[in-house]
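In: Sequence first, predicted model second:
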Amino acid sequence: MPRAKRGFKARRRRNKILKAARGFYGARSRLFAPAIEAVHHAWRYSTRDRKVRKREFRSLWIARVNAAVRAVGIPYGRFMHALKKANVEIDRKILAELAVLEPAAFARIVETSKQAAK
């Protein structure tokens, strides 16, 4: 009786891992044993980094808004407090986009916050 060589199912399992390892450096993208380790690490990091991405983007938006309002002469914290007092409910992402892409609209928001701060 000939030996069983695992065949189709094993090949499909290996190819799934190698496909996930595409773009990795060196043997990690070509050989099964290094690839499986690299892919499992990548999956673990991707789970963690979905949370980290949210934190990083928020800090980027805050930095952009801070730079834009400091150019006008207001610190970030005072600006955000004034927005809350003025009942302006625009989140940091949109504020950052306005500061970069629509400076005139952002300037009007800053004026609104200045009036509320008085």
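Out: Structure received. Residues are numbered from 1 along each chain as shown.
In: any idea how far residue 39 is from the closest residue in space to residue 78 that isn't next to it in sequence?
Out: Nearest non-adjacent residue to residue 78, counting by Cβ to Cβ, 6 or more residues apart in numbering: residue 117, 7.1 Å away. For every residue, glycine as well, the C-beta is placed using N, CA and C. According to Cβ to Cβ, to the nearest Å, residue 117 stands 53 Å off from residue 39.
In: same question, residue 108
Out: As judged by Cβ to Cβ, residue 108 and residue 39 stand 50 Å apart.
In: Would you mind telling me which of these two has more residues around it?
Out: residue 39 (20 against 12; other Cβ atoms under 10 Å).
In: other SSEs contacting the host helix or strand of that one?
Out: Assigned by DSSP states H and E, residue 39 belongs to helix 32-72. Here helix 32-72 touches helix 7-20, helix 76-85, helix 92-101, helix 103-117, going by 3 or more Cβ pairs under 8 Å, 6 or more residues apart in numbering; DSSP states H and E.
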